[in-house]
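> I would like to see how this sequence folds:
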Amino acid sequence: MKKMLLSLASFFCVVGHASLLFAQDFAAGGPLGATNQAGSFVPMSDNVKVYGSFHFTESCTFDPKRNLILSMNRGNDAGSDDGYVSLINPDGSVHTSKWIGATRDGLELRDPIGSAISNGILYTADNGSRHLRSFDLETGEPMSSISIPGSGFINGVAATAAGTAYLSDTPGGIIYEISADGDVSVFTQGAPLNSPNGVAMDNDGNIVVVNIGDAAVITYDPGGEVVKEESAVEGGNDGVVVLENGTKYVSSVRFGSVSRIDSSGNAQLIARGIPSAASMCYDSRQNQLVIPMNPHYAMAFIPL
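Numbers count the residues shown, from 1 in each chain. Below is the predicted model:
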C-alpha cells in the first residue's frame, strides 16, 4: 500500500510538472488574414473591408494612438468564460476580430460591459463574474482583476490617469470607487442616482453619471458631492462622453436617441431611431460618436 501511495504521488507530481511545461503564455490576436493554398498565412488585402465581429457589444472606447475603436463583446452564454475585445477601424471595418480573447491562456473575461481607457490601461466591468478587469492597452495582456461586492449588475466605468476607477452598480443604485491598489468603497449612493448606468470623467476631474431610470446627468466632484445636475432630452440613458470644450453627449438605450448638452446645460436631440443605443465612445481623431447596439450586433457612427 505504501508503494502504491508513493507511485500515485509520483504520478501526480509528473502530471503537475507536465501541465507547467505545456502552459502557454498569454497571446493577443492579430489582424484579419487567412492561410493560402501554399500553407502560408497572408494578411487581408487592402481592397477588402469587413464589417461585423460583434457579439452583444455593450460598450466601446477609443484609442487615439492607434486610431482604433475597442469593442467589448460578451460570451455566448451567461457566465461563460468567452468574452472578448475586438479592434475596429474608424470606418467600422474590422481590424482584429479577437484581440483580447484570441486564446484563453491567462485570461478570464466573461461578460465585459462598460469600458474606459486611461494612462495606457483598458478597464472593463466584467459583469459575468462581477470584477473590474484591466489590460495593458499596448499588448492586451491582463493586468488586474478586482472583485466588486454585492450581486447586482455592474455597468459603466471611468478612470483617472492615477488609476482610480469609478464603477456603476445599476440595480444597486451605487457608484463604487476602486483605488489603484484595488481597494473598493462606495463613492456615492441614493438620490439623485436612479439606476445609474454610464460613467465618464470631465476635464476638471469630476465624475459624470447618467441614469437609466430618468433623464438626469449628474456631475460629482472627487469627494462625492454633486456639483451640477443637467438633463438629457430623453431618459433611459446608457452612454455619456464629455468633450474637451465641456459638451456632453448622452445615448438613450431605451429610446434610441442621442442628446447633446452644451456647456450652459441646454439639451437637444442630434440623432434618433438608433435601436438599443448603448454605452458609446468618442472618436477624437475622426470627430465622431460610435454607438454599440447590443442585441443588434452592430455599431452606429455619428459624425459631429
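
> Confirm for me that residue 157 is in contact with residue 118.
No. Assessed by CB atoms under 8 Å, residue 157 is found out of contact with residue 118, at 10.0 Å. Backbone N, C-alpha and C define where each C-beta goes, glycine included.

> the more surrounded of these two?
Using other CB atoms under 10 Å as the criterion, residue 157 and residue 118 rank with residue 157 on top: 28 against 20.

> In contact with the nearest residue to the more buried one once chain neighbours are set aside: list those residues for me.
Leaving out its chain neighbours, the residue that sits closest to residue 157 by CB to CB, 6 or more residues apart in numbering is residue 114, at 4.2 Å. Residue 114 makes contact with 58-59, 72, 124-125, 154-157, 167-168, 198-199, 279, according to CB atoms under 8 Å, 6 or more residues apart in numbering.

> so which strand or helix has the residue nearest the centre of the chain?
Closest residue to the average C-alpha location of the chain: residue 115 at 2.3 Å, with CA atoms, centre = their mean. Element membership of residue 115 [criterion: DSSP states H and E] is strand 112-118.

> Neighbouring strands of that strand in the sheet, and parallel or not?
Strands that pair with strand 112-118, judged by DSSP bridges, come out as strand 121-126 (antiparallel).

> send the alpha carbons of the partner strand over as CSV?
Presented in CSV, the C-alpha positions along strand 121-126 are these (Å, rounded to 0.1, in the frame of the first residue of the first chain):
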residue,chain,number,x,y,z
ILE,A,121,-4.7,50.9,-19.4
LEU,A,122,-8.0,49.4,-20.7
TYR,A,123,-10.6,48.9,-17.9
THR,A,124,-13.8,46.9,-18.3
ALA,A,125,-16.6,45.9,-16.0
ASP,A,126,-16.9,42.1,-16.3
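
> What are the buried residues along the helix or strand just after that strand?
With elements assigned by DSSP H and E, the helix or strand that comes after strand 121-126 is strand 131-136. Using 16 or more other CB atoms under 10 Å as the test for burial, strand 131-136 gives 131-135.

> Ok, stretch 142-151 next?
142, 144, 146, 148.

> mind putting those residues in a markdown table, distance to residue 38 and secondary structure included?
Below are those laid out as a markdown table (distance: CB to CB, whole Å; DSSP: H, G, I helix; E, B strand; the rest coil):
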| residue | distance to residue 38 | secondary structure |
| --- | --- | --- |
| 142 | 35 | strand |
| 144 | 43 | strand |
| 146 | 47 | strand |
| 148 | 50 | coil |
